[in-house]
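# Just the structure for this:
(chains A and B)
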Amino acid sequence: MKTDAGNLKKGQFLSYNNEIWQVQKAEFYSPGKGSALMKTVLKNISSDKTLSYTFKSNESVETLDVDVIELQYLYKDNNFLYFMNERTYEQYQLNLSLVGNVSNYLREGDKVYVLMYENKPLSLRPPQSVRLKVIKAEEAVKGDTVSGAKKIVMVETGASVAAPLFIKVGDIIVINPETGEYVERVGKQY
Amino acid sequence: MKIQTNIQNLKNYKLYLKIEEATHQFFKKNQYLRLDLPVLSPALIPESYLEIFETRFNYLNNRSSLYLTPSPELFIKRLLVEKIGDCYYLGKAFRDGELFSPLHSPEFTILEFYKVGVDYNYLKKEIQKLLLFISQSVFKKTKITYGKLTIDLNKKWEEISVTEAFEKYAHIKPKELFNHNLFKKRAKNKGYQINNCSYSDLFSQIYVQEIEPNLGVNGVPTIIYDYPKELAALAKLNPDGLTAQRFEFYIAGVELGDGYTELTNWKEQKERFLKEEKERKKARKIDHKIDWGFIGYLKKGLSKCAGIAIGFDRLAMIFVGVLDIKKLKLINLVC
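As a prediction, this is how the structure comes out:
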């Protein structure tokens, strides 16, 4: 689909120089001389290549219409995440570098939305929040009442999260998987 | 669009207020008159590369267009003709069609000041004095830390001409820079889309992509000066006939201000008005009333002077050490 570069948004995919790129950053910029611009950072979906490019905001770009399908997350290795379509049993792999930190907060078997283009996975649509069990946490030092103080805890996927001092092993906490930030405690498991 | 309350920015906002206070002190100390000016005007200076906000004044059956001013220049130059002398404005300005981004907001704070009897070289030094004054009086130091960079305001600032910068950073030779056809050809070879693009469009695109990231990143701010005349609608031409006396200054790749030796020749100004008006029509921008009264004032005789417009939110952002102008505000509009 053709659109003006000025409409580009983070997360979109576009075809540029015959390759597919994901928009990592799109920032309006008007230099006060010449036309307004869109400063972008693009990530190539088939390699680790990142490109900073400044489009004229009225320049025509080709964005890709992507499908969103629900897949089951299986596991990851050093380079890829693996998924399966539960209806067709078809398996897919997705370059880890395109997913970023979100993969640190996925449990094997979780259902996730994957963006597909011509039956090829392009990226994950990160859930707004994930609920994970704390498996490692140091006891808070008694008397440490500094408000806002944090400690590092480990959750069941193996990721480390900065959480408030009252968080204990067995607690279920909500995390924003895009930023890796602790949001709240939603329950305890004994 | 939504209204967002950002009370967590209170600490930054208080620093912003101190920077604002120091700015007023600097100009008071140096005997610039503070100007309080309207933000509504019935006519504007035609500028082809920005869009304006139009509103209406209604009284009974009388209706007329009013525009939010994209800069206070049309008012200040009238006062300069009236021999007001050195002066400044620190207040709101408005530019439509500018999406909210870390460095942009359609409503922003502009600092514009003028010094009589000097050219842009004087202003380059005055800017350094202003920034040093703010830094010393608010932060008690002469160095700014911004991201990973430390910028010393007290050392000699880097100066580079636009011609040198294009050669050094974009490998575009002077003869290519000033010849529109050669420039377009060079841009095409570099992979830029050149269809339906003016010289200014391509210049800006290459400038932002290849030049700007190198400015103000070597421990001191950078002043880049002498732009091709096509890029300086209100600046005096240099004797070379190719460039105009315009400069910008940068810290950490961020453009902070834009200064000129002001064009005082009313005939030349009128021609540029007509050209800009034509460009605006071509680009289907709002067909606003043109401030021909401005030309009338220039006819009376504007003395030699130099002026600069500074994005005050951006300047404060650099001093406070945040990467987004929204982090300075208690209330933000967000899309």
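# Please make it C-alpha for all contacts and neighbour counts, starting now.
Fine.
# what comes up buried for stretch A:155-167?
Neighbour-count burial for stretch A:155-167, counted by 16 or more other CA atoms under 10 Å in any protein chain shown, picks out A:Val155, A:Glu156, A:Thr157, A:Ala159, A:Ser160, A:Val161, A:Ala163, A:Pro164, A:Leu165, A:Ile167.
# Please name the bridge partners of the nearest residue to the fifth one once chain neighbours are set aside.
Closest residue to A:Ser160 apart from its sequence neighbours, by CA to CA, 6 or more residues apart in numbering or on different chains: A:Met154 at 4.5 Å. Per DSSP bridges, residues listed as beta-bridge partners of A:Met154: A:Lys136, A:Ser160.
# before we move on, the earlier item: can you add pLDDT and distance to B:Lys285 and give the buried residues of stretch A:155-167 back as TSV?
TSV is the format used below for the buried residues of stretch A:155-167 (pLDDT from 0 to 100; distance: CA to CA, whole Å):
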residue	pLDDT	distance to B:Lys285
A:Val155	94	55
A:Glu156	92	57
A:Thr157	92	54
A:Ala159	93	52
A:Ser160	92	52
A:Val161	93	50
A:Ala163	92	52
A:Pro164	90	53
A:Leu165	89	57
A:Ile167	91	57
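# Taking those residues together, which two end up most distant?
A:Thr157 and A:Leu165 (20.3 Å; CA to CA).
# Dump the buried residues of stretch A:155-167 into JSON lines; add distance to A:Asn58 as well.
Formatted as JSON lines, these follow (distance: CA to CA, whole Å):
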{"residue": "A:Val155", "distance to A:Asn58": "46"}
{"residue": "A:Glu156", "distance to A:Asn58": "47"}
{"residue": "A:Thr157", "distance to A:Asn58": "44"}
{"residue": "A:Ala159", "distance to A:Asn58": "42"}
{"residue": "A:Ser160", "distance to A:Asn58": "43"}
{"residue": "A:Val161", "distance to A:Asn58": "42"}
{"residue": "A:Ala163", "distance to A:Asn58": "45"}
{"residue": "A:Pro164", "distance to A:Asn58": "47"}
{"residue": "A:Leu165", "distance to A:Asn58": "50"}
{"residue": "A:Ile167", "distance to A:Asn58": "50"}
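# And the pLDDT at residue 12?
In the absence of a named chain, this looks at chain A. With respect to pLDDT, A:Gln12 scores 89.
# You answered for a different chain; I wanted chain B.
B:Asn12 is given a pLDDT of 98.
# which stretches of chain A form helices?
For chain A, the helices defined by DSSP state H occupy A:96-99.
# Could you point out the helix or strand that follows the helix or strand hosting B:Gln205?
Using DSSP states H and E, the element containing B:Gln205 is helix B:199-206. Reading on from helix B:199-206 to the C-terminus, the next helix or strand found by DSSP H and E is strand B:222-228.
# Which strands or helices does that following strand pack on?
On a contact count with 3 or more CA pairs under 8 Å, 6 or more residues apart in numbering or on different chains; DSSP states H and E, strand B:222-228 meets strand B:158-161, helix B:162-170, strand B:243-251.
# Rounded mean pLDDT for the second one, please.
Across helix B:162-170, the average pLDDT comes to 98.
# give me every residue that touches B:Leu37.
B:Leu37 makes contact with B:Pro72, B:Phe75, B:Tyr89, according to CA atoms under 8 Å, 6 or more residues apart in numbering or on different chains.
# in the chain, what spans have low per-residue confidence?
Because you didn't say which chain, this covers chain A. Residue ranges of chain A with pLDDT under 70: A:140-148, A:188-190.
# Could you pull up the residues touching A:Ile167?
Contacts of A:Ile167 (CA under 8 Å, 6+ apart): A:Ala137, A:Arg185.
# now B:Arg34
B:Phe27, B:Lys28, B:Cys87, B:Tyr88, B:Tyr89.
# Can I get those in TSV including secondary structure?
Output for the contacts of B:Arg34, formatted as TSV (DSSP: H, G, I helix; E, B strand; the rest coil):
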residue	secondary structure
B:Phe27	helix
B:Lys28	helix
B:Cys87	strand
B:Tyr88	strand
B:Tyr89	strand
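# Closest to chain A out of those residues?
Nearest to chain A among those: B:Tyr89, at 19.3 Å, using CA to the nearest CA.
# my read: the closest one touches B:Tyr114, true?
No - B:Tyr89 is beyond contact range of B:Tyr114, at 9.2 Å (criterion: CA atoms under 8 Å).
# Around chain A, which positions in the stretch 51-200 of chain B sit nearby?
B:Glu98, B:Leu99, B:Phe100, B:Ser101, B:Pro102, B:Leu103, B:His104, B:Gln193, B:Ser198, B:Ser200 (CA under 8 Å from any CA of the partner chain).
# Go through the helices and strands packed on strand B:222-228 and name the closest to B:Leu237.
strand B:243-251 (4.1 Å).
# Counting by contacts, list what that closest one packs against.
helix B:120-139, strand B:222-228, strand B:254-261.
# who touches it?
Contacts of strand B:243-251 (CA under 8 Å, 6+ apart): B:120, B:151, B:215-217, B:220-229, B:232, B:235-238, B:255-261, B:318.
# And for stretch B:124-139?
Counting by CA under 8 Å, 6+ apart, stretch B:124-139 makes contact with B:18-19, B:22-23, B:26, B:141-144, B:153-154, B:223, B:319, all of which sit outside it.
# Among those residues, find me the one that's closest to chain A.
B:Ile223 (15.5 Å).
# shouldn't that closest one be in contact with B:Glu159?
Yes - B:Ile223 is within contact range of B:Glu159, at 4.7 Å (criterion: CA under 8 Å).
# who has more neighbours, those two?
Shown here are B:Ile223 and B:Glu159; by other CA atoms under 10 Å in any protein chain shown, B:Ile223 has more neighbours (22 against 17).
# Quick check: beta-bridge partners of that one?
According to DSSP bridges, beta-bridge pairing links B:Ile223 with B:Glu159, B:Phe249.
# For it, give me its contacts.
Contacts of B:Ile223 by CA under 8 Å, 6+ apart are B:Lys124, B:Trp157, B:Glu158, B:Glu159, B:Ile160, B:Phe247, B:Glu248, B:Phe249, B:Tyr250.
# Quick one: those residues as CSV, columns for distance to B:Gly311 too.
Shown next, in CSV, are the contacts of B:Ile223 (distance: CA to CA, whole Å):
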residue, distance to B:Gly311
B:Lys124, 16
B:Trp157, 19
B:Glu158, 20
B:Glu159, 20
B:Ile160, 21
B:Phe247, 14
B:Glu248, 11
B:Phe249, 11
B:Tyr250, 11
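# What is the neighbour count of B:Cys335?
8.
# excluding its backbone neighbours, what's nearest it?
Here the residue nearest B:Cys335, using CA to CA, 6+ apart, is B:Met1, at 4.4 Å.
# Isn't the one you found up against B:Leu333?
Yes - assessed by CA under 8 Å, B:Met1 is found in contact with B:Leu333 at 6.6 Å.
# higher neighbour count, these two?
B:Leu333 (14 against 6).
# who's in contact with that one?
B:Met1, B:Lys2, B:Ile3, B:Gln4.
# redo that, cut-off 6 Å
Taking CA atoms under 6 Å, 6 or more residues apart in numbering or on different chains as the criterion, B:Leu333 is in contact with B:Lys2, B:Ile3, B:Gln4.
# Check B:Val116 too.
Applying CA under 6 Å, 6+ apart, we find B:Val116 in contact with B:Asp86, B:Cys305.
# List the beta-bridge partners for it.
B:Cys305.
# With A:Glu70 instead?
Bridge pairing for A:Glu70 - DSSP bridges - gives A:Tyr113.
# Relative to chain B, how far out is it?
29 Å (CA to the nearest CA, to the nearest Å).
# Just read off the phi/psi values of B:Arg34.
Here is the backbone geometry of B:Arg34 (degrees, to the nearest 10): phi -80, psi 130.
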